[in-house]
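Chemist: Sequence first, then the predicted structure:
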Amino acid sequence: METTQLSTTVTELRFALDTFYLLLSGVLVMWMAAGFSMLEAGLVRTKNTTEILTKNITLYAIACTLFLLVGYGIMYTNNTEGGWLPGLALGYGETASDATHAKAADFFFQVVFVATAMSIVSGAVAERMKLISFLVFAVVLTGFIYPVEGYWTWGGGFISEAGFVDFAGSGIVHMAGAAAALAGVLLLGPRYGKYFKDGSIQAIPGANMPLAALGTLILWMGWFGFNGGSQLRLSDTENALAIADVFVNTNAAAACGAISSLILTHRIWGKADLTMILNGALAGLVAITADPASPSPLLAALIGVGAGLLVVVSIITIDRLRVDDPVGAISVHGVAGLFGLLLVPLSNPEANLWTQLFGAFCIFAWVFITSLAVWWLLRKTIGIRVSAQAEYEGADVTECGVTAYPEFVSGKSNS
């Protein structure tokens, strides 16, 4: 009798510890919303700061609501036999007590990933998109587009059945967000004054580098929940050791991504470009997210080096192609995300290059095509771009009616 009671107590303690770990990891990922907000606020001009913060707050609220109402039911349907078309469950709280609470923890952990994917779009379309159009798109992405590809992968659909490996979402979250962003940017067009007919490119620097650096460090911290939490369990030796490896590898990739970006930008321009260094760290984080558990720390560091170099080249190339991405989101999350997916077979024997390519292609094609269709419909109906005058005045005034730095802009003081 005592042995049975002890066994039950241990089981309950393990369940409680695993649940608490998953919830705490979700809180860390939720904190990444602050990181995206600060990063983007630092990389846009002062006249667009309030609007970019408004987008990040509201997209998080929309993601949480739509994923609760329909998204989670699409992504984690009972149809998990490698299917193409998901069903729609009625919710996450429809089973017995313990299972219901476990699903609630899983829902909370998953919903912050959805918000992360939408946050990627925010920075890429900054400074010239209508706020209402962005928010309508957020409803569709978080309630339908993301959950469908999430079902294909983490939900047990056909990509998962093919053997695709994406531990914490290099492709499922980051590349998907970049694909949606690219579709929007192509239809939206560049900011006025960015590109000229003679082929020259005008740099439009961000307004606040301290905020951009703070945002990157917040994201770096939150990533330990993003990757570490994806292990899902902590309560035994094997999982605890795996989480430690994930933390070490995640940190190594970010650090080496920042260093390699620093070295390359100094070689190109003879100066240390902070924005490239920040994006190098983020690219390392995105790349290692595909599989932070399998590589050795040295291999994780090399993955970070490769991602840091690649993101600099990608940002320069995309700019020369006259695709205006104010924060480098397409390169950081899309190019580095694909890079991470393709490197998984180097350390994970369960993955192979062709399956990784197949999964990446399916995710990108689905998100890009559906997003392009939604952006096009929005452009034909309510419009997606603010007027030239509104862009000149700034979205803070025209879209929000509140400036982020009223004393700085007006030259007045309240004192």
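Modeler: The structure has been received and is ready for your questions.
Chemist: Can you pull the poorly scored residue ranges out of the stretch 1-150 of the chain?
Modeler: 1-2, 6, 78-85, 87-102 (pLDDT under 70).
Chemist: What segments of it are helices?
Modeler: All helices of the stretch 1-150 of the chain, identified by DSSP state H, counting those that start in this stretch, fall at 2-43, 49-66, 72-75, 97-124, 131-140, 146-153.
Chemist: most neighbours per residue, which of these?
Modeler: Each of these was scored by mean neighbour count; the highest is helix 146-153, a mean of 26, by mean count of other C-beta atoms under 10 Å. The way it works is simple: take the backbone N, C-alpha and C, and place the C-beta from them, glycine included.
Chemist: Export that helix to PDB, keeping only CA atoms.
Modeler: Only the C-alpha atoms of helix 146-153 are listed here, as PDB (Å, rounded to 0.1, in the frame of the first residue of the first chain):
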ATOM      1  CA  TYR A 146       0.000  28.800 -39.400                       C
ATOM      2  CA  PRO A 147      -2.200  26.100 -37.800                       C
ATOM      3  CA  VAL A 148      -2.500  24.200 -41.100                       C
ATOM      4  CA  GLU A 149       1.200  23.900 -41.600                       C
ATOM      5  CA  GLY A 150       1.600  23.300 -37.900                       C
ATOM      6  CA  TYR A 151      -0.800  20.300 -38.300                       C
ATOM      7  CA  TRP A 152       1.300  19.000 -41.200                       C
ATOM      8  CA  THR A 153       4.400  19.000 -39.000                       C
END
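Chemist: Okay, angle between that helix and helix 49-66 too, please.
Modeler: 60 degrees (axes from the mean of the first three to the mean of the last three C-alpha atoms, to 10 degrees).
Chemist: Distance-wise, check the closest residue to G222 other than its chain neighbours relative to L232.
Modeler: The shortest distance from G222 to any non-neighbouring residue, by C-beta to C-beta, 6 or more residues apart in numbering, is to M32 (3.6 Å). Using C-beta to C-beta, to the nearest Å, we find M32 at a distance of 18 Å from L232.
Chemist: picking that back up, check contacts around the residue nearest to G222.
Modeler: V112, T116, S119, I218, L219, G222, W223, G225, F226 (C-beta atoms under 8 Å, 6 or more residues apart in numbering).
Chemist: I'd like those residues as CSV, with distance to W376 appended.
Modeler: Below are those laid out as CSV (distance: C-beta to C-beta, whole Å):
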residue, distance to W376
V112, 29
T116, 25
S119, 22
I218, 34
L219, 31
G222, 33
W223, 34
G225, 36
F226, 32
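Chemist: Please identify which of those is nearest to V305.
Modeler: Of all the contacts of M32, W223 has the smallest distance to V305: 17.4 Å, by C-beta to C-beta.
Chemist: give me the number of residues near that closest one?
Modeler: For W223, the neighbour count with other C-beta atoms under 10 Å is 28.
Chemist: So which bits of the host helix or strand of it are buried?
Modeler: Here W223 sits within helix 209-228, counting by DSSP states H and E. Neighbour counts over helix 209-228 (16 or more other C-beta atoms under 10 Å) mark 211-216, 218-220, 222-228 as buried.
Chemist: cool, and stretch 297-317?
Modeler: Quick answer for stretch 297-317 (16+ other C-beta under 10 Å): 299-312, 314-315.
Chemist: Out of these, the closest to Y195 would be?
Modeler: I315 (15.0 Å).
Chemist: still on that earlier bit, now for the buried residues of stretch 297-317: which two are most distant?
Modeler: L299 and I315 (24.7 Å).
Chemist: Output the helices of the stretch 1-150 of the chain in JSON lines, with distance to N352 appended to each entry.
Modeler: Listed next are the helices of the stretch 1-150 of the chain as JSON lines, based on distance: least, C-beta to C-beta, whole Å:
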{"stretch": "helix 2-43", "distance to N352": "29"}
{"stretch": "helix 49-66", "distance to N352": "33"}
{"stretch": "helix 72-75", "distance to N352": "25"}
{"stretch": "helix 97-124", "distance to N352": "25"}
{"stretch": "helix 131-140", "distance to N352": "33"}
{"stretch": "helix 146-153", "distance to N352": "16"}
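Chemist: Spell out the secondary structure type for the closest residue to V311 other than its chain neighbours.
Modeler: The shortest distance from V311 to any non-neighbouring residue, by C-beta to C-beta, 6+ apart, is to A283 (3.8 Å). At A283 the chain is in helix, as set by DSSP: H, G, I helix; E, B strand; the rest coil.
Chemist: show me what contacts A283?
Modeler: G257, S261, A307, G308, L310, V311, S331, V332, V335, A336.
Chemist: And the pLDDT for V409?
Modeler: Looking at V409, its pLDDT is 55.
Chemist: that older thread, which of the buried residues of stretch 297-317 fall in helices?
Modeler: 299-312, 314-315 (DSSP state H).
Chemist: Looking at the buried residues of helix 209-228, which one is closest to A240?
Modeler: Of these, the one sitting nearest to A240 (C-beta to C-beta) turns out to be G228, at 10.7 Å.
Chemist: my guess is the closest one contacts I243, does it?
Modeler: Yes - if you go by C-beta atoms under 8 Å, G228 and I243 touch, sitting 5.1 Å apart.
Chemist: Which pair of the buried residues of helix 209-228 spans the longest distance?
Modeler: L211 and G228 (26.0 Å).
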